[in-house]
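**Student:** All I have is the shape, not the residue letters:
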C-alpha cells in the first residue's frame, strides 16, 4: 500500500494568529484548518483505498471536510469537481463526498488527483496526476510565485479567490497552498470585493482572479482604497494597459501579475508587470518550458513538465490513459531573445482561413496595441451559408473604423472582416463564467 495525499500540514502557521486561528473564511463564516481536518478524519471512515471519490467544491466548508476525508486515506483517486452526468454513477456518502463507481480499474500504488474541465470544444476532459506531488505544488508556488511578490519578502498571511473553487487555477494557486501551508483562505463572491479590501488593510494578501471580474470588482469600490498590502494574480492571455489602469484607479498601489497555464499544465509563465499587451512573461522559476515542432518563424507547441502537470487522462467508464511526464499545451507560442513567452494561437482551434494558416493571437496582440482597447478576441466564425469570417470582438473605447484602420497594416488574410466593439460598461455580459471573452 502507498501513502495518502495528506499526512499533515507542511508548515506551522505564523504571524499574529496561531494555527488554530488560521483557516477558511467563506460566506461570512470562519472555520480553522484544524477543525476541518478533525472532521475530515472522522468522515474518512466512509472512504476506502483503491476507490475513486468526487469532492464537490460548491459545498463550502463541507467540501474541505470531504477533501480531508479522501486525502487522509491511502491510494485513493480524488476528483475535485462538481457532480456531472458525464462522470457516470455517483453515490453520495456525505455532504460534498461521492463515490465514483468503477473509477479505478487497475490497482493503485500512488494516490491520484483529477479536475473536470471543459475545453474549447465543450467536451469534458479529466486530466489526472499523482496526488502525492500536490504538496510540492504548494511549496513551488509559495517559493516561486508568492514569496517574491512583496519587496520586503513579507509573509503572505492570506490567499483569496472570487472564482468558483472547481476552477483548476483556484485549486492550484489558492486552495493547495492555503491547506498545506496553513494560510488563511478567503473565498468571496465576485460581485462583492469588500472582504478582500478589508483583509488588505491589516495584512498581506494575494488574490487569484481574472481581469474582467477584477475590473468590475474594483469599480464597485465607492472610492479609491489603499491596497498596498494586496497583490492580484490574474489568469489571462494578455492584460491591456487600460485594464491595469482601471483596476489601479480604485485599488491604489495594488500589485498586479498575469499568470498563464491550464488544468493540464499548471502555471507556466508569470508576468509581474503586465499591461504592455505583448508577451505573457517568462517561465516560472523551476518550471521547465520549451517548444515542440517549431516552424521557420520559431513558433511551436508550448510544452512543459512538473509536479502540477497531469500524467493521465481519464474517460469515465474506461481505464486511466497514461500520457507520460511531458505535457503539450493547447497553445502555440514563441520566445524572444530575453526569454519572454508569446502566445500565437490555439492548437485545437480553427487556424485555417480560406485554406491559409493564420494565428489569431498575433492579430489579437496587434489590436491590443491600439489606445482605448481593453480586451480583444479574434476567431474564425462561420455564417449559415458556409462563408468564413475573421471576427474580432473588441472591448474598450474605440470604434469599428478605428480598429479597421489599425489593422490595415496587417496582411490582408489577417484583417478582421467583422468587428464587434463593446463598451467597458456593457462588457460583463460578453464574458463567460470563466472570464473569457
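**Tutor:** Yep, that arrived. Predicted, not measured: the structure shown is a model, and the values here were computed from it. Numbers count the residues shown, from 1 in each chain.

**Student:** Just give me the residue right at the centre of this structure.
**Tutor:** Centrality entry for the chain: nearest residue to the mean C-alpha point is residue 169, 2.6 Å, by C-alpha atoms, centre = their mean.

**Student:** does that one really touch residue 207, like I thought?
**Tutor:** No. Assessed by C-beta atoms under 8 Å, residue 169 is found out of contact with residue 207, at 11.8 Å. C-beta here means a position set from N, CA and C on the backbone, and glycine is covered the same way.

**Student:** any weak-confidence spans in the stretch 1-150 of the chain?
**Tutor:** The model of the stretch 1-150 of the chain has pLDDT under 70 over residues 1, 12-20, 118-124.

**Student:** right, I mislabeled it, should have said the stretch 301-437 of the chain
**Tutor:** Short version for the stretch 301-437 of the chain, where the test is pLDDT under 70: 346-352, 354-357, 384-386, 425-437.

**Student:** cutoff 90 now
**Tutor:** 313-332, 343-366, 368-369, 371-372, 374-390, 396-397, 411-414, 422-437 (pLDDT under 90).

**Student:** wait, what's in contact with the closest residue to residue 168 other than its chain neighbours?
**Tutor:** With C-beta to C-beta, 6 or more residues apart in numbering as the criterion, residue 168 has its nearest non-adjacent residue at 3.6 Å, and that residue is residue 263. Contacts here follow C-beta atoms under 8 Å, 6 or more residues apart in numbering; on that basis residue 263 touches 115, 117, 127, 168, 310.

**Student:** Sort out for me which of the residues you listed are in strands.
**Tutor:** Applying DSSP state E to these, the entries found in strands are 115, 117, 127.

**Student:** and the last one, how far is that from residue 160?
**Tutor:** What that stands for is residue 127. 25 Å (C-beta to C-beta, to the nearest Å).

**Student:** who has more neighbours, those two?
**Tutor:** Applying other C-beta atoms under 10 Å to residue 127 and residue 160 shows that residue 160 carries more neighbours, namely 26 against 23.

**Student:** Report pLDDT for the more buried one.
**Tutor:** On pLDDT, residue 160 comes in at 97.

**Student:** where's it, which helix or strand?
**Tutor:** Using DSSP states H and E, residue 160 maps to strand 158-161.

**Student:** Identify the residues contacting that strand?
**Tutor:** 146, 170, 173-174, 177-178, 183-188, 195-196, 199, 203-209.

**Student:** Now residue 142: closest residue in space that isn't a chain neighbour?
**Tutor:** residue 177 (5.5 Å).

**Student:** Ramachandran coordinates for the one you found?
**Tutor:** Phi and psi for residue 177, reported as degrees, to the nearest 10, are phi -60, psi -30.

**Student:** so who does it touch?
**Tutor:** 138, 141-142, 146, 159, 183.

**Student:** make it 10 Å
**Tutor:** Shown in contact with residue 177 (C-beta atoms under 10 Å, 6 or more residues apart in numbering): 10, 135, 137-142, 145-146, 156, 159, 183, 185, 206.

**Student:** The residues you listed, buried ones only, as a PyMOL selection?
**Tutor:** In PyMOL, a selection of the buried entries from the contacts of residue 177 looks like this (16 or more other C-beta atoms under 10 Å):
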select buried, resi 10+135+137+138+139+140+141+142+145+146+156+159+183+185+206
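
**Student:** So which of the contacts of residue 177 are in helices?
**Tutor:** Cross-referencing those against helices under DSSP state H gives 135, 137-141.

**Student:** Next, format the contacts of residue 263 as CSV and append distance to residue 279.
**Tutor:** Formatted as CSV, these follow (distance: C-beta to C-beta, whole Å):
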residue, distance to residue 279
115, 27
117, 25
127, 26
168, 23
310, 25
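
**Student:** what pairs with residue 251 across the strands?
**Tutor:** residue 225 (DSSP bridges).

**Student:** Go ahead and confirm it touches residue 196.
**Tutor:** Yes. Residue 251 is in contact with residue 196 according to C-beta atoms under 10 Å; the separation is 9.3 Å.

**Student:** Between these two, which contacts overlap?
**Tutor:** 217, 225, 227, 230, 232.

**Student:** Provide the partner residues of the last one in its beta bridges.
**Tutor:** Here residue 232 shows beta-bridge partners residue 207, residue 256, assigned using DSSP bridges.

**Student:** Contacts only, for it.
**Tutor:** So residue 232 contacts 160, 196, 205-211, 214, 217-218, 244, 247-248, 251, 254-258, 274 (C-beta under 10 Å, 6+ apart).

**Student:** Residue 389 versus the residue nearest to residue 168, what's the distance?
**Tutor:** For residue 263 relative to residue 389 (C-beta to C-beta), the value is 30 Å.

**Student:** now swap in residue 64 and tell me
**Tutor:** With C-beta to C-beta as the criterion, residue 64 and residue 389 are 47 Å apart.

**Student:** Have a look at the two and say which one is more surrounded.
**Tutor:** Taking neighbours as other C-beta under 10 Å, residue 64 and residue 389 compare with residue 64 leading, 28 against 14.

**Student:** Now stretch 91-108: buried residues?
**Tutor:** Those would be 94, 96-100, 103-104, 108, for stretch 91-108 by 16+ other C-beta under 10 Å.

**Student:** How is residue 8 assigned, secondary-structure-wise?
**Tutor:** When classified by DSSP: H, G, I helix; E, B strand; the rest coil, residue 8 comes out as coil.

**Student:** That one touches residue 179, doesn't it?
**Tutor:** No. Between residue 8 and residue 179 there is no contact under C-beta under 10 Å: 11.0 Å.

**Student:** The residue lying closest to residue 101 once chain neighbours are set aside: neighbouring residues, count only.
**Tutor:** Nearest in space to residue 101, with sequence neighbours left out and distances taken as C-beta to C-beta, 6+ apart, is residue 89 at 4.0 Å. Per other C-beta under 10 Å, the neighbour tally for residue 89 reads 12.

**Student:** Would you quantify the distance from residue 89 to residue 340?
**Tutor:** For residue 89, the distance to residue 340 - C-beta to C-beta - is 47 Å.
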